[in-house]
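Asks: Sequence and predicted structure are below.
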Amino acid sequence: MYGENIGLLRTELAHLLRQYHVSHRIDRDLARAYPAPGVVDSRGEVVALIRSYRHGVLMWCYQAMAHGDPNPKAEHNANLLEPPDRLRQSLGRVVAKNPGPLPRLEQLTTHQPVAVLESWRQTAKTTALAEHDLARGTGDGLLSHREWLTLVGDVADITRALLILDKRYRHLPEWETLRGIRLLDRYLDDCVLHVRERSDKLDFNLDWRGWHPPEPDVEPNAEPIVHVIAAERRLLNSLGSVPSMANLRHLLTSQREVSHLAAIRTRDHDRDLAIRFHRREHAYGSLLRASRTAAGLLGTGAEATRHSADAVNRLVSISAAPPIPVGSLHDLATLFRQVDNALCAAIEEGFGARLYFVRRALPRIDPTDGHLTHQARELFDPLQREGRTPLITIARRYLRTNRVRTAAPNNTATTRADFHAAISQRRSRGSVVSL
Amino acid sequence: MQLAHAITLAEARSYLAALADTAHTVGGSIAYERVLLQLDLVHGDQAPAYEELPHSLAADLLYRLAVKAIHDLVPHGVDALQVELVLANLLDARDTDTRLNGPIGRP
């Protein structure tokens, strides 16, 4: 979330701004810290790392200005530019003139023993996370104008803090001050004034925007069978595209296992339902056997496979001793039927779009063919042909329960003809107008 | 993939498929099927077809043949660690199959 990230960024930068005599602090912490492997151990390295963290923050400032603008200006007429546009251009120049390495992942995630460095690490980590907000609601021109003003104010504050810190650190050995910041101060002032003039217009709802963790669709303490049903439902929702053959085989295996487990758990409570589950397990067994000869690298389905495996794992953990509510099991059976239909459609589409192929057996010499000169034994399966592949036949026979309509309903032609006759005001045959 | 490699892989697949088809329990059949999937995954799903073996072969014999065929993949350049992982899963599948906790019968 934008507010969370920027709040943390502000806190850490304020903490850094309160610290003076940085060189002394770094030396003290370095002397105290236990020299563990992988942790920086010289002042030169600390300073270099701070520079790369600074580059990360600067980069975020530029990206936020470049991607957050709801009305980016295309023209190059300098008179039409507003303070935020000038700030963006200036930040772009600063980023271009100070090329530095961005911090690596382990540098962002490893705790640093030097306190100053740790604060810098937090700021850089926060900006790395805040980049995700740009793709999820903060960028792409989705902001309202008032939210945009708030964002400009935030970026201006953060950039100013960076400039102050840059000035304060200039006496550190091996420190490189930022280049190309001559006019940046003025643009920052302009921006702050620009925002402050419109301070009544600021919209802090911006803080709600950005990336949110996905909300769980089931209460965490719900009945275990509810989790199974939810996983199966997610599987159904993710079956929109054609899975690749490897994923399809995983799907078939896990669905077979789900049916098997469900049949075992239903056996003593509902005989009919158990038989249905058992039949489904049997059908998936045949499908699996047929799919061993099929191959195909194209397709998706990683998500569906994950949900299917999730359903298996959750069903395994449910014991059969306290009986599962029959209503839930019937819901599961309904879902199974829908998943079957979706899978059948996916298999048909995969074969129709030529994503799936049939493996060929290897040609071999057959020494038992009775001839003196042995011929290569030919064991070729026919390549995919509609209706000839066992996989598709089995899928149609066992999985498809939706009715397939090959002919139109009976009376469509008659009613249309009658209606046409009525429109053209002709008397339809057989009826007599009585006066 | 060389021809010898392909033939060895086809043999291993055939034995695993036969094991899955003649398993005593449904759970065992599923476990064998997973081993077959894993073997295909090691080869990036580029594997020849399998052959239907007669169902009269003893499970023990099939198991030993499968282990030998999978072992024979190592000289053809398959990662030895992956092969060992497949074999470990095969052993687990065999344990699952001999424990009768599900309905008995050919799946």
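Replies: All right, it came through fine.

Asks: So what's the residue count around residue 3?
Replies: The chain I'm using is chain A. 15 (other CB atoms under 10 Å in any protein chain shown). The C-beta positions use only the backbone N, C-alpha and C, and glycine is treated the same way.

Asks: hm, I was asking about chain B
Replies: Residues near B:Leu3, counting by other CB under 10 Å: 11.

Asks: For chain B, give me the ranges with low pLDDT.
Replies: Filtered on pLDDT under 70, chain B yields the residue ranges B:99-107.

Asks: Revised request: answer the last question for chain A.
Replies: Across chain A, residues meeting the criterion (pLDDT under 70) sit at A:34-41, A:74-75, A:216, A:360-389, A:426-435.

Asks: give me the residue from it nearest chain B.
Replies: For chain A, the residue closest to chain B is A:Arg359, as judged by CB to the nearest CB, at 3.7 Å.

Asks: helix/strand/coil for the nearest residue to that residue once chain neighbours are set aside?
Replies: Spatial nearest neighbour of A:Arg359, excluding adjacent residues (CB to CB, 6 or more residues apart in numbering or on different chains): B:Ala49 at 3.7 Å. Assigned with DSSP: H, G, I helix; E, B strand; the rest coil, B:Ala49 falls in the coil class.

Asks: show me the contacts for B:Tyr15.
Replies: By CB atoms under 8 Å, 6 or more residues apart in numbering or on different chains, the contact set of B:Tyr15 is B:53, B:62-63, B:65-66, B:69.

Asks: how about CSV for these, with distance to A:Thr127 and neighbour count added?
Replies: Below are the contacts of B:Tyr15 laid out as CSV (distance: CB to CB, whole Å; neighbours: other CB atoms under 10 Å in any protein chain shown):
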residue, distance to A:Thr127, neighbour count
B:Leu53, 61, 17
B:Leu62, 59, 20
B:Tyr63, 57, 19
B:Leu65, 59, 19
B:Ala66, 54, 27
B:Ala69, 54, 20
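
Asks: So which of the residues you listed are in helices?
Replies: B:62-63, B:65-66, B:69 (DSSP state H).

Asks: Arrange these in a markdown table, one row each, with distance to chain A as further columns.
Replies: Listed next are the ones in helices among the contacts of B:Tyr15 as a markdown table, based on distance: CB to the nearest CB, whole Å:
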| residue | distance to chain A |
| --- | --- |
| B:Leu62 | 16 |
| B:Tyr63 | 18 |
| B:Leu65 | 17 |
| B:Ala66 | 14 |
| B:Ala69 | 14 |
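
Asks: Buried residues, the helix or strand containing A:Val46. List them.
Replies: Element membership for A:Val46, per DSSP states H and E: helix A:43-68. Applying a neighbour-count criterion of 16 or more other CB atoms under 10 Å in any protein chain shown, one finds A:43, A:46-68 buried in helix A:43-68.

Asks: What is it packed up against?
Replies: helix A:22-32, helix A:83-97, helix A:115-133, helix A:145-168 (3 or more CB pairs under 8 Å, 6 or more residues apart in numbering or on different chains; DSSP states H and E).

Asks: Switch these over to a markdown table; also include mean neighbour count.
Replies: Compiled in a markdown table, the helices and strands packed on helix A:43-68 are given as follows (neighbours: other CB atoms under 10 Å in any protein chain shown):
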| stretch | mean neighbour count |
| --- | --- |
| helix A:22-32 | 14 |
| helix A:83-97 | 19 |
| helix A:115-133 | 21 |
| helix A:145-168 | 20 |
